[in-house]
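>>> Pasted the sequence and its predicted model underneath.
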Amino acid sequence: MLGRVADNIYWLSRYIERASNTARFIEASYYLNLDLKINEDEQWSPLVEINEDMEHFMKFYDSPTRENVIHYLIYNPVYPNSITSCLNSACTIARGLRESLSIELFQEINEISNIVTPTSRINPHINMHVFEICERIKKSDMLITGIMSKNVERGLGYNFWRLGEYLERADKTSRLLNVKYYYILPEKTDVGTSIEDLQWSALLQSIDARDTFYRRYNIFSPENVIRMIVKDEVFPRSILFCLLSAHRCLTEITGNLPSEPNNKLTHLCYQLQHINESEIMNIGLHEFIDQIQSQMNDINISIYNYFCAMPYKKNIFGN
């Protein structure tokens, strides 16, 4: 397999997963703001802070209002992490990979890229179809995942796809938890109250973890949420589950041959498996998540350098 093909499959998967995660975050924030409505204020800036893009955001908008943030995250064609930009990038990559994708997969990628149509942020009806758009993107993403599971052979392409998907999901889950801890809570006096419970509930809803959390735990607490979102080895959107799954994909790609990306990912998985919630809280959740994100960024660079920077690697990709 050509290195550029592996890189394109990897990023095609990441762009689709990124669009789906953004849709989940928007939907959860909408529900949270409807529930809280504290002093008629709504909190939308955390959605921009997730990717540390507030400086970029302020180049286009005067304040992080609902309308501005939703336009920025869904429609803004200049912002590379907007749903529009991610889906356009995915569609462009898919066209270049046409011969490497099944007919069903190629068609569904084109379908998801057509969900968001161009619009202007001055449109007074910009919020009318937010839930519909978010729901369609999530369902289309799940359909694409189903097509991959049912129709695609378990070869290099499949494993590069899954590798990108899992690393993107782990990254976005970690960012969401970090932002919740520092930005969403309006007042220190709300800690331990029903307001904080609503916010934890919205956080869990954004990664489809709320029902699972209710089945396992009786009360909301930072320790329980950290255990669920960071360290759970069986919940498919926890950080550790995603990293362990990404590690299995890397092992399939390399055939158990030693590699720098594999070594780095192995170390990160071991670190998460052997730290408990109290230790994370003692380190500081923000500081701990920053370390995790830095390591995941390093793994991403290492994957590109090892597999994709050279156009062809005979010992990994075969003849």
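All right, it came through fine. Residues are numbered from 1 along each chain as shown.
>>> if I pick D290, what's in contact with it?
Counting by CB atoms under 8 Å, 6 or more residues apart in numbering, D290 makes contact with N178. Bear in mind the C-beta positions are built from the backbone N, C-alpha and C, glycine included.
>>> how about the one helix or strand it maps to: buried residues?
Here D290 is covered by helix 285-303, with elements defined by DSSP states H and E. Using 16 or more other CB atoms under 10 Å as the test for burial, helix 285-303 gives 285, 288-289, 292-293, 295-296, 299-300, 302-303.
>>> Check stretch 219-228 too.
Buried, per 16+ other CB under 10 Å, within stretch 219-228: 220, 224-228.
>>> ditto for stretch 61-72
61, 64, 66-72.
>>> Next: stretch 75-82.
Within stretch 75-82, the residues scored as buried using 16+ other CB under 10 Å are 75-76, 79, 81-82.
>>> quick one: which of those residues is nearest I280?
When the buried residues of stretch 75-82 are compared for distance to I280 (CB to CB), N81 wins out at 26.8 Å.
>>> L47 versus the closest one, what's the distance?
11 Å (CB to CB, to the nearest Å).
>>> Between the two, which contacts overlap?
L73.
>>> and the helix holding D290, how far out from the chain's middle?
Remark: helix 285-303 is offset 14 Å from the chain centroid, using CA atoms, centre = their mean, to the nearest Å.
>>> And the helix or strand containing V179, what does it pack against?
Per DSSP H and E, V179 falls inside helix 156-179. With contacts defined as 3 or more CB pairs under 8 Å, 6 or more residues apart in numbering; DSSP states H and E, the packing partners of helix 156-179 are helix 3-36, helix 130-151, helix 194-206, helix 239-254, helix 285-303.
>>> Nearest approach to E168 belongs to which of the ones you listed?
helix 3-36 (4.2 Å).
>>> I'd like the buried residues of stretch 61-72 as CSV, with secondary structure, pLDDT and distance to L272 appended.
Listed next are those as CSV, based on DSSP: H, G, I helix; E, B strand; the rest coil; pLDDT from 0 to 100; distance: CB to CB, whole Å:
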residue, secondary structure, pLDDT, distance to L272
Y61, coil, 92, 37
P64, coil, 88, 32
R66, helix, 85, 35
E67, helix, 85, 38
N68, helix, 89, 36
V69, helix, 90, 31
I70, helix, 90, 33
H71, helix, 89, 36
Y72, helix, 92, 32
